[in-house]
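1. all I have is the shape, not the residue letters:
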C-alpha cells in the first residue's frame, strides 16, 4: 500500500511568481485536503477535493486554487506569491469526506515553500 | 469561528518525568484528534476521541476528552527522548465534514 507522497519536498520561489505543488493520495483514498503550516504553528485548512470537485474551503484568498484528477491525485496552485506564503504545505488523503470519527486522514511529508 | 488553544506551547523535561498537554476551546467538537509531528514529516494520528468523558490509553500516553466535548488533554507518563516532537490537537469542524481545525501545537523536548 503506497502512502501519501508530495512533490517537491523543498522549493524556493520569488515574490510574485506562481507555484504548483503535487500530492498523490494513498491507494483507495478519494479525498484530498490541503493545509498550510507556518513555522511554529498548527496546520490551517486551505481546501478539500472530493471526486474532482472542491468540497469546502478555508480562509484563503482566490490565488490559492487546486485540482483533483481522475486518479485522485491533486495539485495546489498559488499565484502571485507573497513572502507570507512561506510555509510547509501538507496534503492529507482519506477514504471520503465524511466525519473523522470514521475516516482517518493520512498526511504526506509536506512541501517546504520559501518565498524570497 | 472554532478555535483550539494548546498549552503549553513549549515543554522541555528530563527523561522519566510526567507531563500533560492541554487543548481547550469555547466550541463543542464532535471529535478531537491528537497528532505527533516530527521535523520534516507530516502529522501522524495518535488517537481520536469521540464521546464526552472518554479516556483512551496508548502505552504511556493517556488521552481524555472533556465531558462537554470542548477540551482534551494528553498525559505522558515517564517521558522518553523518543517522545520528542510537536504534539497537535485537532477538532473536526462543525458539520462532520472531515475538515480539521488544529491547535498551534506543543513542542516537547525530552532530554536524556
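-> Yep, that arrived. Small disclaimer: the values here were computed from a predicted structure and weren't measured. Numbering: from 1, shown residues only, chains lettered A, B, ... in the order given.
2. could you use CA atoms for every contact and neighbour count after this?
-> Fine.
3. got the residues of chain B near chain A?
-> Applying C-alpha under 8 Å from any C-alpha of the partner chain, we find that chain B lies next to chain A at B:31, B:40-45, B:48, B:50, B:88, B:92, B:96-105.
4. just the buried ones from those?
-> Using 16 or more other C-alpha atoms under 10 Å in any protein chain shown as the burial test, these include B:31, B:42-45, B:48, B:50, B:88, B:92, B:96-105 as buried.
5. spatially nearest residue to residue 16 (excluding sequence neighbours)?
-> I'll assume chain A. In space, and not counting its chain neighbours, residue A:16 is closest to residue A:80: 4.1 Å by C-alpha to C-alpha, 6 or more residues apart in numbering or on different chains.
6. could you do chain B instead?
-> Distance criterion C-alpha to C-alpha, 6+ apart; nearest residue to residue B:16, sequence neighbours excluded, is residue B:78 at 4.0 Å.
7. quick one: contacts for the one you found?
-> Contacts here follow C-alpha atoms under 8 Å, 6 or more residues apart in numbering or on different chains; on that basis residue B:78 touches B:15-18, B:60.
8. what number of residues lie near residue B:82?
-> Residue B:82 has 11 neighbours, counted by other C-alpha atoms under 10 Å in any protein chain shown.
9. in a helix, it, correct?
-> Yes: Residue B:82 sits within a helix when classified using DSSP: H, G, I helix; E, B strand; the rest coil.
10. what distance do you get for it to chain A?
-> Separation of residue B:82 from chain A (C-alpha to the nearest C-alpha, to the nearest Å) stands at 19 Å.
11. re earlier: now, among the contacts of residue B:78, which is nearest to chain A?
-> Nearest to chain A, judged by C-alpha to the nearest C-alpha, of these is residue B:60 at 22.1 Å.
12. need the distance between the two termini of stretch B:17-37.
-> Length of stretch B:17-37, first residue to last, C-alpha to C-alpha, to the nearest Å: 21 Å.
13. what residues of it count as buried?
-> Within stretch B:17-37, the residues that count as buried by 16+ other C-alpha under 10 Å are B:19, B:21-25, B:27-37.
14. quick one: mean pLDDT for it?
-> The average of the pLDDT scores along stretch B:17-37 is 94.
15. what sits against the residue most central in space within chain A?
-> In chain A, the C-alpha nearest the mean C-alpha coordinate belongs to residue A:34, at 2.8 Å (C-alpha atoms, centre = their mean). When contacts are counted by C-alpha under 8 Å, 6+ apart, residue A:34 is found next to A:45-48, A:76, A:89-92.
16. may I ask which two of these are separated the most?
-> A:48 and A:89 (13.4 Å; C-alpha to C-alpha).
17. pass me the low-pLDDT residue ranges in the chain, would you?
-> Went with chain A since none was named. Along chain A, the parts satisfying pLDDT under 70 run over A:1-2, A:98-103.
18. that's the other chain; I wanted chain B
-> B:94-97.
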